[in-house]
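Novice: the following comprises the amino acid sequence and a computationally predicted model.
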Amino acid sequence: MEVYTPDGKPQDSWRPQITSCPSALQIAQTYVLQGKLINGLSQAVSYGDDATMATNYPLVRLRNLSNNKIWYCRTHDHSTMAVATGAAIHSTHFTVPCGPDKGQYELCVIANGIASLGVTVTVAPFTPQIVVNEAAVAYLIGSLADGPLYVLTPHGPVPVDPWGPNYAEPAKAAYESIIRAVKTLRDLGRQLEAEQQAAANAASRVTKGGKAPPKLPKDARGATRRKVAVGKKGAKK
């Protein structure tokens, strides 16, 4: 067996060309890359009816600039499978794998085995931005019935079922605690909003009808009386 290693290099006009790509990437996240000729110039390989290993799709490669380690991103949802598309701009989605270290990388797109010129990007760990509301937490709790329960690792949600009840039970308890806390905050918010609306309505009636202003809450009335008492003592002196 021999490995064919050609000399020379492809013509620049054959290369894919990146026209748009995010410069800041995070582990396990999906992004859109746009460019020209990202599917190459042909399917490149076809042999009879039993070997049709077409290469008319883009690969996205990351090279760590500090140690030259190579990573490939999964590509999917290409805007077209057409070849030799000339100056037309097409797109693909790519997902950053979980393995790369934090740092600077050269990113290029490859089609028909021909790489584009690289662009510099940074790769950072995934930082989940979680909106904790009752609906979101209830959705996660629903996973107990519909599928695996998830916990949040530094790289995102991970199902706990394969790791057994030592993780599942505490995770379930944590979810239930979050739901109770969110409900309490929502109830307090409704109560506060109702009091504010009542005060606003009372103020509006005073403006229109000349009635006395609404009584202050007990704590506020107590604070007012204490201030008056202190003022009277000071006057006697």
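Specialist: Now that the structure is in, tell me what you want to look at.

Novice: state the mean pLDDT of the helix ranked longest in the chain.
Specialist: The single longest helix within the chain, with elements called by DSSP state H, is helix 165-209. For helix 165-209, the mean pLDDT works out to 77.

Novice: helices or strands up against it?
Specialist: Judged by 3 or more C-beta pairs under 8 Å, 6 or more residues apart in numbering; DSSP states H and E, the packing partners of helix 165-209 are helix 134-141, strand 150-153. Heads up, the C-betas are built off the backbone N, CA and C, glycines and all.

Novice: mind doing that once more with 10 Å?
Specialist: Counting contacts by 3 or more C-beta pairs under 10 Å, 6 or more residues apart in numbering; DSSP states H and E, helix 165-209 packs against helix 134-141, helix 143-146, strand 150-153, strand 156-159.

Novice: and the ones you listed, which one averages the lowest pLDDT?
Specialist: Sorting these by mean pLDDT places helix 143-146 lowest, at a mean of 54.

Novice: tell me, how many residues neighbour residue 73?
Specialist: 23 (other C-beta atoms under 10 Å).

Novice: repeat that for residue 53.
Specialist: Residue 53: 9 surrounding residues under other C-beta under 10 Å.

Novice: how near is it to residue 113?
Specialist: Residue 53 sits 11 Å away from residue 113, going by C-beta to C-beta, to the nearest Å.

Novice: now residue 54: closest residue in space that isn't a chain neighbour?
Specialist: Using C-beta to C-beta, 6 or more residues apart in numbering and skipping residues adjacent in sequence, the residue nearest residue 54 is residue 43, 4.0 Å away.

Novice: any shared contact partners between residue 53 and residue 113?
Specialist: Listed contacts common to residue 53 and residue 113 are 44, 45; contacts here mean C-beta atoms under 10 Å, 6 or more residues apart in numbering.

Novice: by contact count, what packs against whichever strand in the chain runs longest?
Specialist: Ranked by number of residues, the top strand in the chain under DSSP state E is strand 103-111. Where contact means 3+ C-beta pairs under 10 Å, 6+ apart, strand 103-111 is packed against strand 17-20, strand 30-36, strand 59-64, strand 70-76, strand 89-95, strand 119-124.

Novice: could you dump the ones you listed to JSON lines with mean pLDDT and distance to residue 83?
Specialist: Shown next, in JSON lines, are the helices and strands packed on strand 103-111 (pLDDT from 0 to 100; distance: least, C-beta to C-beta, whole Å):
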{"stretch": "strand 17-20", "mean pLDDT": "96", "distance to residue 83": "15"}
{"stretch": "strand 30-36", "mean pLDDT": "95", "distance to residue 83": "12"}
{"stretch": "strand 59-64", "mean pLDDT": "97", "distance to residue 83": "15"}
{"stretch": "strand 70-76", "mean pLDDT": "96", "distance to residue 83": "16"}
{"stretch": "strand 89-95", "mean pLDDT": "95", "distance to residue 83": "11"}
{"stretch": "strand 119-124", "mean pLDDT": "96", "distance to residue 83": "23"}
